[in-house]
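1. Next comes the sequence, and after it the predicted model I'd like to discuss.
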Amino acid sequence: MSDVDLLLEELGLLKMTDCAEMLAAMLKWLGENYHDVKNVDTKTLQCWLEENKRKLLLLDTRNKAEFDISHLQWGVHVDPEGDQLQEVLKKSIQEAKQQKADIICYCFVGYRGSIIAQSVNKLLSAETEHSPGPLPQVFNLEGGLVKWVTERKPLVDGNGQSAHVIHPYDAQWGRMLEEELRAKI
């Protein structure tokens, strides 16, 4: 059993059948285990994106197959298991600083987004000693794309076309999604 499947088992999610109940349990666990990560809710992020008054760097922290099915418009793929992850994150921080943009990390439900947001915050903390000036704020998208797509908010696919489903990560995690929102994998 993989680490993520063990997490599902630990949370009792393998026995749950209600999507909303599963998401609520996962969000509670994320809040308890990643309390140092700031979250942005889906409504606030959608406002920020629509108003275009706040510069944002959107980091999609899922694997490439997940990203290609659908992602937030202007989302940048960051492989959470890639060999060059730290270099990619450092480059993203520099880009955000140059653009005076805040960083939003997101994934399927918030687990990988929280891990990457935590890593970005650690890199920023180390950088504050060497780099004067304002630093970007870092957020995790609360509920990830599960919450986003459940609220029928806009997504695009790998070709930039409108998308209405997300990659379910795997069969167990996909149970957090209503069937019509789950891409066939």
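-> Arrived safely, thanks for sending. Numbers count the residues shown, from 1 in each chain.

2. got a list of contacts for stretch 40-59?
-> Stretch 40-59 is contacted from outside by 72-76, 78, 92, 95-96, 99-106, 113, 116, 120, 136, 139-143, 147-148, 151, 153, using C-beta atoms under 8 Å, 6 or more residues apart in numbering. (Glycine included, C-beta is placed from N, CA and C.)

3. actually stretch 23-37, sorry about that
-> Residues from elsewhere that reach stretch 23-37 (C-beta under 8 Å, 6+ apart): 7, 11-13, 16, 39, 109-111, 114-115, 117-118, 121, 138-140, 142-143, 146-147, 150, 176.

4. If we use 10 Å, what do you get?
-> Applying C-beta atoms under 10 Å, 6 or more residues apart in numbering, the contact partners of stretch 23-37 are 7-8, 10-13, 16, 18, 39, 105, 108-111, 113-118, 120-122, 138-140, 142-144, 146-147, 150, 173, 176-177.

5. Show me which of those residues are buried.
-> 7-8, 13, 16, 39, 105, 108-111, 113-118, 120-121, 138-140, 142-144, 146-147, 150, 173, 176-177 (16 or more other C-beta atoms under 10 Å).

6. From those residues, which land in strands?
-> 39, 105, 138-140 (DSSP state E).

7. closest to residue 158 among the residues you listed?
-> residue 105 (19.7 Å; C-beta to C-beta).

8. Could you tell me the per-residue confidence at that closest one?
-> We have a pLDDT of 97 for residue 105.

9. Let me know the closest of the ones in strands among the buried ones among the contacts of stretch 23-37 to residue 67.
-> Lowest distance from residue 67 to these (C-beta to C-beta) belongs to residue 105, with 13.3 Å.

10. any idea how far the closest one is from residue 20?
-> 23 Å (C-beta to C-beta, to the nearest Å).

11. Counting by contacts, list what the biggest helix by length in the chain packs against.
-> Longest helix in the chain, counting residues (DSSP state H): helix 111-128. Other helices and strands packing on helix 111-128, by 3 or more C-beta pairs under 10 Å, 6 or more residues apart in numbering; DSSP states H and E, are helix 3-10, helix 19-33, strand 38-40, strand 56-60, helix 85-99, strand 102-106, strand 138-141, helix 144-150.

12. is it true that residue 124 touches residue 94?
-> No. Residue 124 is beyond contact range of residue 94, at 11.0 Å (criterion: C-beta atoms under 10 Å).

13. Right, I'll call it a day here.
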